[in-house]
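Colleague: the following block contains a protein sequence and its predicted model.
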Amino acid sequence: MNRHFSLTIILGALVMSLLGGSNALANSLAGAVQIAKGFKSFHEKDEFPEWKDATVSNQYEIFSSNGILVGYEISFVSPTGEDRGYIMVSAKRGDAVVPDFSAEGPSISSELIRYYEEVLAPQIKSAGLVVTEVIFMGALPGFYAIGLKFDRHLPILDEIPNQDGWFIFSPFPESASLQYNVDSQGNRARSSSPEDGENDEFRKALINQDFSGEFFQKEDSGKIEGFFDKDAKSRLPRRSSGSGGTSKAVSGGFSKFYQENRAWSKGGLTDGTCHAGCSPVAWAILLEYWDRNGYPKMVSSDQDNRNTRTTDPDVRWLINELRGWLKTTCTSTDNRQGSTRYWYNTRGKYYAHQRGYKNFSASNNYFGPAWWELIGAVKANQPPIAMIDSSPNDSTDGMDHAAVVYQYKDRRWNANDYFRVRTGWSRTTNKWYNKKYLFGITRVYK
């Protein structure tokens, strides 16, 4: 067997320990599969028809760097073999039952495996290293990675992030601690809350597929008009008539900009390469939307309305300018990732002013009020930028990721309230987050 390319086989061995007793069903891989099936069964009726007739394709455990089981990913496939997304089920008390999910495209595990096979495995083989251990790792719901251990240490590994003896690799250009702190009894260092009871009831309802409770009442939902994922060939840029934007559908929706790892002249590192940062890319996606909706000079000239590719020179210039306005920096570790302080997130408005649109303004809203501001922004057809926190129970609140929001579903219960974002990644371009992880939003007004 070629040990450099056996990731799916190694991971398959990890999930063979899945079946615990019936008393542990709610916190086992078998229970997670039932939770995911229940979640899918409820939501496929009216909200996600792409899940109808889809079946479970894979199921994997997700770990912290210090060996704590933190979650399970259940992925789905259509009868014709097309990927139908995934449902992430948390194994941690205090987390949302389903922290994140997607009803479309490849699962997180599929993207990690593809990244390993296409990118990492050839490099590992070329270096003469042999993989001895591998796990999926995650700081749910914001960051996922592959953890690898090797037969020996070489100097080339010194530049790779390492946590608890695991070398961390990820195609997702974010960063978060993958260590899960526990007390001396092996429990999470946190007190219980009423939300824990709510989550327990929600978990049981999903396992039993009992949708009669208040968790499943008719939702208040909203979506930014025109935000669809169509093939690039059908993306025909179109401006609205009149000034001040429009609520009419925009052909092709938002562009799928993502973070490039390249040299930037503004914002931090100027003598090498680093990822653009999630906040500049989120603002770029947002401003390109308005470029096609009443503000044609927002990106490039008003005669060029086809700036929908990340590699377009005008888009790269836009992201570079935003890095400067947002005071984005580059970290010296973790593959030199872009980092923006959340309190600077409103400064993207200055780019709009620079382009002549002085009427653009922005404000940050945090914690509970952020959810209602998010709903108000989506209803007003003015997409906000979400600030996502993978560790909302910790005292170190902050932003792990920023992404443009274009849809929400609110049932007045935290357990089953979600918002949908354009991730700003080259892989998994759209996903849903539970509102528990909404640290704040940057609301953009015009």
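Modeller: Cool, the structure landed.
Colleague: show me the strands in the stretch 51-200 of the chain, by range?
Modeller: For the stretch 51-200 of the chain, the strands defined by DSSP state E, counting those that start in this stretch occupy 55-63, 69-77, 83-90, 100-102, 131-139, 143-150, 162-163, 166-169.
Colleague: and those, which one is worst for confidence?
Modeller: Mean pLDDT is lowest for strand 162-163 among the strands of the stretch 51-200 of the chain, at a mean of 92.
Colleague: direction included, what does it pair up with?
Modeller: Its sheet considered, strand 162-163 pairs with strand 166-169 (antiparallel) by DSSP bridges.
Colleague: off-centre distance for the partner strand?
Modeller: In terms of Cα atoms, centre = their mean, to the nearest Å, the gap separating the centre of strand 166-169 from the centre of its chain is 19 Å.
Colleague: again, but for stretch 404-422
Modeller: Between the centre of stretch 404-422 and the centre of its chain there are 13 Å (Cα atoms, centre = their mean).
Colleague: about what we covered before: and the strands of the stretch 51-200 of the chain as JSON lines, adding distance to residue 420?
Modeller: For every residue, glycine as well, the C-beta is placed using N, CA and C. As requested, the strands of the stretch 51-200 of the chain are exported to JSON lines (distance: least, Cβ to Cβ, whole Å):
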{"stretch": "strand 55-63", "distance to residue 420": "21"}
{"stretch": "strand 69-77", "distance to residue 420": "17"}
{"stretch": "strand 83-90", "distance to residue 420": "12"}
{"stretch": "strand 100-102", "distance to residue 420": "9"}
{"stretch": "strand 131-139", "distance to residue 420": "20"}
{"stretch": "strand 143-150", "distance to residue 420": "18"}
{"stretch": "strand 162-163", "distance to residue 420": "30"}
{"stretch": "strand 166-169", "distance to residue 420": "27"}
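Colleague: now do the helix or strand containing residue 41: which elements does it pack against?
Modeller: Here residue 41 sits within helix 29-43, counting by DSSP states H and E. Here helix 29-43 is seen to pack against strand 55-63, strand 69-77, strand 83-90, helix 194-208 when contacts are counted using 3 or more Cβ pairs under 8 Å, 6 or more residues apart in numbering; DSSP states H and E.
Colleague: how does it look with 10 Å?
Modeller: For helix 29-43, the elements it packs on are strand 55-63, strand 69-77, strand 83-90, strand 100-102, helix 194-208, judged by 3 or more Cβ pairs under 10 Å, 6 or more residues apart in numbering; DSSP states H and E.
Colleague: now do the fourth one: everything it contacts.
Modeller: Pointing back at strand 100-102 there. The contact list for strand 100-102 (Cβ atoms under 10 Å, 6 or more residues apart in numbering) reads 36, 39-40, 43, 48, 51, 71, 73-76, 83-90, 107-108, 138, 140-142, 144, 388, 390, 418, 420-421, 423, 428-434, 437.
Colleague: tell me the mean pLDDT over the strand or helix carrying residue 323?
Modeller: Secondary structure assigned from DSSP H and E places residue 323 in helix 313-325. Helix 313-325 shows a mean pLDDT of 94 in the predicted model.
Colleague: how about stretch 200-213?
Modeller: Computed over stretch 200-213, the average pLDDT equals 94.
Colleague: buried set for it?
Modeller: Residues of stretch 200-213 classed as buried: 201, 202, 203, 204, 205, 206, 207 (neighbour count, 16 or more other Cβ atoms under 10 Å).
Colleague: got the contact list for the first one?
Modeller: Contacts for residue 201 (Cβ under 10 Å, 6+ apart) come out as 97, 210, 213, 214, 215, 413, 415.
Colleague: before we move on, the earlier item: buried ones only from the contacts of strand 100-102, please, as a ChimeraX command.
Modeller: Filtering the contacts of strand 100-102 down to the buried ones (16+ other Cβ under 10 Å) takes a single ChimeraX command:
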select :36,39,40,43,48,51,71,73,74,75,76,83,84,85,86,87,88,89,90,107,108,138,140,141,142,144,388,390,418,420,421,423,428,429,430,431,432,433,434,437
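Colleague: hey, which helix or strand in the chain has the poorest pLDDT?
Modeller: The helix or strand of the chain with the poorest confidence is helix 7-14; it has a mean of 50 (mean pLDDT, DSSP states H and E).
Colleague: so the protein: which segments form each domain?
Modeller: 1-216, 221-445 (automatic domain parsing).
Colleague: can you pull out the low-pLDDT segments for the protein?
Modeller: The model of the chain has pLDDT under 70 over residues 1-27, 175, 181-192, 225-252, 268-271, 301-306, 332-335, 393-398.
Colleague: tell me where the protein has helices.
Modeller: For the chain, the helices defined by DSSP state H cover 7-14, 29-43, 108-115, 121-127, 194-208, 278-291, 313-325, 349-354, 367-379.
Colleague: which one of these has the most crowded surroundings?
Modeller: Counting by mean count of other Cβ atoms under 10 Å, helix 278-291 has the highest mean neighbour count of these, with a mean of 28.
Colleague: okay, the angle between that one and helix 313-325?
Modeller: With axes from the mean of the first three to the mean of the last three Cα atoms, to 10 degrees applied, the angle from helix 278-291 to helix 313-325 works out at 130 degrees.
Colleague: and helix 278-291, what does it pack against?
Modeller: helix 313-325, strand 338-339, helix 349-354, strand 385-388, strand 401-410, strand 418-422, strand 438-445.
Colleague: ok, 6 Å please
Modeller: Here helix 278-291 touches helix 313-325, strand 401-410, going by 3 or more Cβ pairs under 6 Å, 6 or more residues apart in numbering; DSSP states H and E.
Colleague: how much distance is there from the helix holding residue 323 to the middle of the chain?
Modeller: 22 Å.
Colleague: circling back: adding distance to residue 351, write the helices and strands packed on helix 278-291 out as CSV.
Modeller: Shown next, in CSV, are the helices and strands packed on helix 278-291 (distance: least, Cβ to Cβ, whole Å):
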stretch, distance to residue 351
helix 313-325, 5
strand 401-410, 15
